[in-house]
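Trainee: Dropping a prediction and its sequence here:
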Amino acid sequence: MIKLQWYLITCAFIFAISAESIQAQPRNEIEVRGTLSIPSGDANFSGTTNSGSTIDFSRDFDFGNEFGYELRYQHISTNSKHKFLVDYAQTDWERSRTLTRSITFRGETFTANATLDGKLTERVFRAMYAYRWGNEKFRFGPMGDMGVVSTKLELSGTTSNGQRTGEATKNKFAATLGYDLDYNPDPHFNFTHNLGVIAYKKDRLFHIEGGVKYFPVRSFGVSGGYKFQRYKFKDDPDFLTIRSNGPYFGGVIRF
């Protein structure tokens, strides 16, 4: 009888440890990031292919580092094979410059040696799914994502017709294929790496990031890393190429 009691107590103890172990692996995350990035690239929204109609973000504006933000929700299945992610990010760059050359934008010619105010906005919304192989510590597998990349370029300054403001907005469906990686050496650390790329007709999409999350307690943690993205969209004769890269940092809630 005593042996049976000890057997039942032992089984209950093992079950409690197993339940606690399962509970110690949260499957959902909400992450809020601050991003610091500098853009480069070029754009043409003049309706012509003249070289003077191509705006160079680095040469004409010299956009500097700007803070943006990113909101993410992540869910990982019980067996850790399936990973779902929804992500929204936005960054605004603003700059006032004295033009060294004349440029044409939306039918207006902004004249050289005059002050030009430029504002560039990039918004990215995407939903991702990854199927990963591996074990409790390491997971790797193919990834696919899709969403919308929205960019807006606004210029204001002196033109050949006086003070003018022009605006161009481009909203494009974006989808990439690549891979996703998670490495969890212990319950407190999570290393991540994600890459996606695709070439469709005249559009070119690429993004990559790597980072680490540290959880001093079960439900709360901090994150940091580096990301790079490049989007090229072309609707003859207009086109837009935007590259942005920089570090990110944030906080994470797990449940």
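Mentor: Sure thing, it's come through.
Trainee: Correct me if wrong: Gly221 contacts Arg254.
Mentor: Yes: the pair Gly221 / Arg254 is scored as a contact, 7.0 Å apart, by CB atoms under 8 Å. From N, CA and C alone the C-beta is placed, and that goes for glycine too.
Trainee: and for these two, which residues touch both?
Mentor: Phe215 (CB atoms under 8 Å, 6 or more residues apart in numbering).
Trainee: Relative to Gln229, how far out is the residue nearest the centre of the chain?
Mentor: The centre of the chain sits closest to Ala89, judged by CA atoms, centre = their mean, with a distance of 5.9 Å. Here the distance between Ala89 and Gln229 works out to 9 Å (CB to CB, to the nearest Å).
Trainee: which neighbours do the two share?
Mentor: With CB under 8 Å, 6+ apart, Ala89 and Gln229 have common neighbours Val124.
Trainee: Not counting stretch 158-166 itself, show me its contacts.
Mentor: 45, 105-111, 114-116, 154-157.
Trainee: and of those, the nearest to Phe67?
Mentor: Ranked by distance to Phe67 (CB to CB), the contacts of stretch 158-166 are led by Glu154 at 19.2 Å.
Trainee: got the contact list for the closest one?
Mentor: 118-120, 165-168 are the contacts of Glu154 under CB under 8 Å, 6+ apart.
Trainee: Give me the PyMOL select line for the residues you listed, limited to the buried ones.
Mentor: In PyMOL, a selection of the buried entries from these looks like this (16 or more other CB atoms under 10 Å):
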select buried, resi 118+119+120+166+168
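Trainee: now, the most widely separated pair of the contacts of Glu154?
Mentor: Leu120 and Thr165 (14.5 Å).
Trainee: This structure: helices as residue ranges?
Mentor: 2-23 (DSSP state H).
Trainee: Show me which helix or strand of it is least confident by mean pLDDT.
Mentor: The weakest-scoring helix or strand in the chain, judged by mean pLDDT, DSSP states H and E, is helix 2-23 (a mean of 45).
Trainee: how much space is there between the residue nearest to Tyr226 when sequence neighbours are not counted and Arg33?
Mentor: Excluding the flanking residues, the one nearest Tyr226 by CB to CB, 6 or more residues apart in numbering is Pro247, at 5.2 Å. Going from Pro247 to Arg33 by CB to CB gives 10 Å.
Trainee: Between those two, which is the more surrounded one?
Mentor: Ranked by neighbour count (other CB atoms under 10 Å), Pro247 and Arg33 place Arg33 first, with 22 against 15.
Trainee: give me every residue that touches the more buried one.
Mentor: Arg33 touches 69-72, 89, 223, 248-250, counting by CB under 8 Å, 6+ apart.
Trainee: how many other residues sit next to the nearest residue to it once chain neighbours are set aside?
Mentor: Of all residues not flanking Arg33 in the chain, Gly250 sits nearest, at 3.6 Å (CB to CB, 6+ apart). Per other CB under 10 Å, the neighbour tally for Gly250 reads 20.
Trainee: Return the set of residues that bridge with Gly250.
Mentor: Taking DSSP bridges as the rule, Gly250 bridges to Arg33, Ser223.
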